[in-house]
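In: Need the 3D shape of this:
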Amino acid sequence: MKTSEKVIEKLILICAAVSIAAVALITIFIFSSGFPVMKDYGIINFITGTDWSPTSGIYGILPLIVGTLGVTIGALIIGIPTGLGCAVFLAEMVSRRPARLFKAAIELLAGIPSVVYGFFGLAVIVPAIRDYILPLVQKFNPDATSSGFSVLAGAIILAIMILPTIVSISENSIAAVPPEFREASLALGADKRETITKVILPAAKSGIFSSIILAMGRAIGETMAVLLITGNMPQIATSPLDPSATLTGTIAMEMSYATPEHQSALFAIGIVLFVIIVILNSIAQAIMRKFGGMTA
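Out: Numbering: from 1, shown residues only. This is a model prediction of the structure:
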């Protein structure tokens, strides 16, 4: 082996070791800072408690967990069909030049700061929910109320934010399907719709699952946008129009004025968030291993 190849190999090994060490140090720091309050308060009480009142020494984060999962699931419900449809459109239904323009515009969304998305939500989405969606809901439920700051607002803004991830990766996966698959399907008498739904998408499902996993991680970890438009009320939302609070938003909002015990509780929230992300990613990876891969 040449000397230059050995040097490059060692550099790559060092980079990998640094990455692993960074993850390990962050994990150790979070657990060492947050676990004491979880131990003293009780892990079950901490996770299943429905009251979050740090000034009174009450640390129940179930409303925060429900709020986080609510906006994330809502964002995926809106974002996955929209992003996948856009990816199919770009890869299969439009010529190359317009596709480049559409793709550039979508990828531009990834470069917009999250606080700008939050301001957009404040100026557009929150008033739209209050002025248009709420009156429609009140026709069926006259007792419904909403200020516009809600789980639905957070889900909509997160759906917009995860679109570049889903569209870019899914479009690349669909474009990578061998042309022989399309030609064989069309030669057997299938139309374009059947070719896309029964041949191309199943063949590209590994990349599509990967895009969903990354989008889910982005949605769970987002802070500023949801902080501005979900209402930041630590309560269990019973309707998409109810305000709520998320794990990340609570950490960002309260860390600056937290007392030592309160600060430890916020680190404990970080532990729970870390565990949730690991569990969801493990489930998603298991699904991808079972159903992913290129199939004819």
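
In: Please identify the helix or strand for the residue nearest in space to the middle of the chain.
Out: Centroid-nearest residue in the chain, with Cα atoms, centre = their mean: Ala219, separated by 2.0 Å. Assigned by DSSP states H and E, Ala219 belongs to helix 205-221.

In: which helices and strands does that helix pack with?
Out: Counting contacts by 3 or more Cβ pairs under 8 Å, 6 or more residues apart in numbering; DSSP states H and E, helix 205-221 packs against helix 62-88, helix 151-175, helix 260-291. Quick note: C-beta positions are derived from backbone N, CA and C, even for glycine.

In: what's the most buried one of those helices?
Out: helix 151-175 (a mean of 25; mean count of other Cβ atoms under 10 Å).

In: Let me see the mean pLDDT of that helix.
Out: For helix 151-175, mean pLDDT is 92.

In: Show me how far that helix is from its chain's centre.
Out: 9 Å (Cα atoms, centre = their mean, to the nearest Å).

In: same deal with stretch 123-143?
Out: On Cα atoms, centre = their mean, the centre of stretch 123-143 falls 25 Å from the chain's centre.

In: repeat for stretch 222-230
Out: With Cα atoms, centre = their mean, you get 13 Å for stretch 222-230.

In: Following the chain onward from the biggest helix by length in the chain, which element is next?
Out: Secondary structure of the chain per DSSP state H: the longest helix is helix 3-41. Proceeding N to C from helix 3-41, the next assigned helix or strand is helix 43-48, under DSSP H and E.

In: which parts of that next one are buried?
Out: For helix 43-48, the neighbour count (16 or more other Cβ atoms under 10 Å) marks Phe46, Ile47 as buried.

In: list the helices and strands that helix packs on?
Out: So helix 43-48, by 3+ Cβ pairs under 8 Å, 6+ apart, packs with helix 62-88, helix 260-291.

In: which outside residues touch that helix?
Out: Val37, Met38, Tyr59, Gly60, Ile61, Leu62, Ile65, Ala268, Val272 (Cβ atoms under 8 Å, 6 or more residues apart in numbering).

In: Those into a markdown table, with extra columns for pLDDT and distance to Ile133?
Out: Conversion of the contacts of helix 43-48 to a markdown table gives the following (pLDDT from 0 to 100; distance: Cβ to Cβ, whole Å):
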| residue | pLDDT | distance to Ile133 |
| --- | --- | --- |
| Val37 | 89 | 39 |
| Met38 | 88 | 38 |
| Tyr59 | 90 | 34 |
| Gly60 | 90 | 30 |
| Ile61 | 92 | 29 |
| Leu62 | 93 | 27 |
| Ile65 | 93 | 25 |
| Ala268 | 93 | 35 |
| Val272 | 92 | 31 |
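
In: Thr82: which of the residues you listed is nearest?
Out: Ile65 (26.0 Å; Cβ to Cβ).

In: Give me the phi and psi angles of Ile58.
Out: phi -110, psi 120 (degrees, to the nearest 10).

In: For it, name its beta-bridge partners.
Out: Going by DSSP bridges, Ile58 is paired in beta bridges with Ser53.

In: distance of it from Asn45?
Out: As defined by Cβ to Cβ, to the nearest Å, Ile58 lies at a distance of 10 Å from Asn45.

In: Give me the distance between the two termini of stretch 34-54.
Out: 14 Å (Cα to Cα, to the nearest Å).

In: Which helix or strand contains Leu228?
Out: In this assignment (DSSP H and E), Leu228 forms part of helix 224-229.

In: could you give the mean pLDDT of that helix?
Out: In this model, helix 224-229 has an average pLDDT of 90.

In: And for the helix holding Ala219, what's in contact with it?
Out: Outside of helix 205-221, the residues within contact range by Cβ under 8 Å, 6+ apart are 68, 71-72, 75-76, 79-80, 83-84, 158, 161-162, 165-166, 168-170, 172-174, 176, 201, 248, 273, 276-277, 280-281, 284-285, 287-288, 291-295.

In: Quick check: buried residues in it?
Out: Neighbour counts over helix 205-221 (16+ other Cβ under 10 Å) mark 205-220 as buried.
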